[in-house]
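Peer 1: Everything below, folded, please.
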Amino acid sequence: MSVTGLDTARAFLIDLDGVLHRGKERLPGAVEFIDALNATSTPFLVMTNNATSTPDQVAARLNGMGVAVDRGQIYSSALATVGWLRQHYPAGSRALFVGELGLRTALEEGGFELVDRHSDAEVVVAALDRSVTYARLAEAALAINAGCRFVATNPDRTIPTERGIEPGAGAIQAFLETSTRVAPVVIGKPQTAFFELAMERLGCPPEQTVMVGDRYDTDILGGARAGIHTMAVLTGISTAEELAAADPAPTWVFADLVELLAAWTDARS
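Peer 2: Model (predicted):
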């Protein structure tokens, strides 16, 4: 199939859930698309707002589904948040965080000192934490009220699970924002910072970069705001009708990665 303008796609930012897999189910074309990118040495990052897992954990899950990625091709909102923090704080700065292993590891590897008491903190970083306690939230709130900058990995208010819709990182941020009256600096999709940091990591300019996603309000809108082309696939959240009515609209819409790969391969030939 011939798709106008697709030959400009030289680097890819790829959403995870709803694009490469849905829950524990690998989606059609995921293996072949990633294999094609690797075979042609096309730069790409798998971008996820999920800050709970480390790159090693995400890569292992995808490898278990037959999708060949390594840890260096995974870019989470935790990593992007630490990238942003390093632009604003020197190495060794003290961070009080609310989050899980993915955020803890990113902060430690990024050179931050992790603290537990509000009086020791220089910055507060919040993400999803499914074992959070009131005491931990209180320390974070006290630090913010004392003047520490409040940074959040991603705004997702809910997360889909096997049991149904559960509170997400945004719910924890709302708790802290309500108790401090301080809005956080948010890094994850659809915020432009996430996309800019990802492109910097890839070393590719916006005009040659494409965001592939299933959800308009995070993947597509965020990509558009960052000035990059967007590819929507209909294997996740947003429907064809919603995408057709969207403004700005995705640059391209495909049924799935099978159709997307066929179009991109044709454009390159």
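Peer 1: ok so residue 210 is a strand residue?
Peer 2: Yes: Residue 210 sits within a strand when classified using DSSP: H, G, I helix; E, B strand; the rest coil.
Peer 1: neighbours around it, how many?
Peer 2: Using other CB atoms under 10 Å, residue 210 has 24 other residues around it. In short, each C-beta sits where N, CA and C put it, glycine included.
Peer 1: Repeat that for residue 52.
Peer 2: There are 23 residues near residue 52, going by other CB under 10 Å.
Peer 1: Let me see the contact set for the closest residue to it other than its chain neighbours.
Peer 2: Distance criterion CB to CB, 6 or more residues apart in numbering; nearest residue to residue 52, sequence neighbours excluded, is residue 100 at 4.1 Å. Neighbour list for residue 100: 51, 52, 53, 127, 128, 129, 130, 131 [criterion: CB atoms under 8 Å, 6 or more residues apart in numbering].
Peer 1: Identify each buried residue in the worst-scoring helix or strand of the chain on mean pLDDT, please.
Peer 2: Averaged element by element with mean pLDDT, DSSP states H and E, the chain has its least confident helix or strand at strand 158-161 (a mean of 77). By neighbour count with 16 or more other CB atoms under 10 Å, strand 158-161 contains the buried residues residue 159.
Peer 1: again with stretch 220-234
Peer 2: 220-224, 226, 228-234.
Peer 1: quick one: which two of these are the most distant?
Peer 2: 226 and 234 (22.2 Å; CB to CB).
Peer 1: Any chance of the backbone angles for residue 151?
Peer 2: phi -120, psi 140 (degrees, to the nearest 10).
Peer 1: ok, it to residue 189 distance?
Peer 2: 15 Å (CB to CB, to the nearest Å).
Peer 1: again, but for residue 108
Peer 2: From residue 108 to residue 189 the distance is 24 Å (CB to CB).
Peer 1: Confirm that residue 96 lies within a strand, as I assumed.
Peer 2: Yes: remark: residue 96 belongs to a strand, assigned using three-state DSSP.
Peer 1: and residue 91, how many neighbours?
Peer 2: Neighbour number of residue 91 under other CB under 10 Å is 9.
Peer 1: can you confirm it is in a helix?
Peer 2: No: counting by three-state DSSP, residue 91 is located in no helix; its state is coil.
Peer 1: Now go through the buried residues of stretch 220-234 and say which are in strands.
Peer 2: 229, 230, 231, 232, 233 (DSSP state E).
Peer 1: pretty sure the fourth one contacts residue 238?
Peer 2: Yes: taking contacts as CB atoms under 8 Å, residue 232 lies within contact range of residue 238: 6.5 Å.
Peer 1: what ranges do the helices span in the protein?
Peer 2: All helices of the chain, identified by DSSP state H, fall at 30-39, 55-64, 77-88, 101-109, 134-145, 169-180, 192-202, 221-225, 240-245, 257-268.
Peer 1: helices or strands up against the third one?
Peer 2: Yep, that's helix 77-88 we're talking about. If contacts are counted by 3 or more CB pairs under 8 Å, 6 or more residues apart in numbering; DSSP states H and E, helix 77-88 sits against helix 101-109, strand 123-126, strand 149-152, helix 192-202.
Peer 1: 7 Å instead, please
Peer 2: helix 101-109, helix 192-202 (3 or more CB pairs under 7 Å, 6 or more residues apart in numbering; DSSP states H and E).
Peer 1: Thank you, goodbye.
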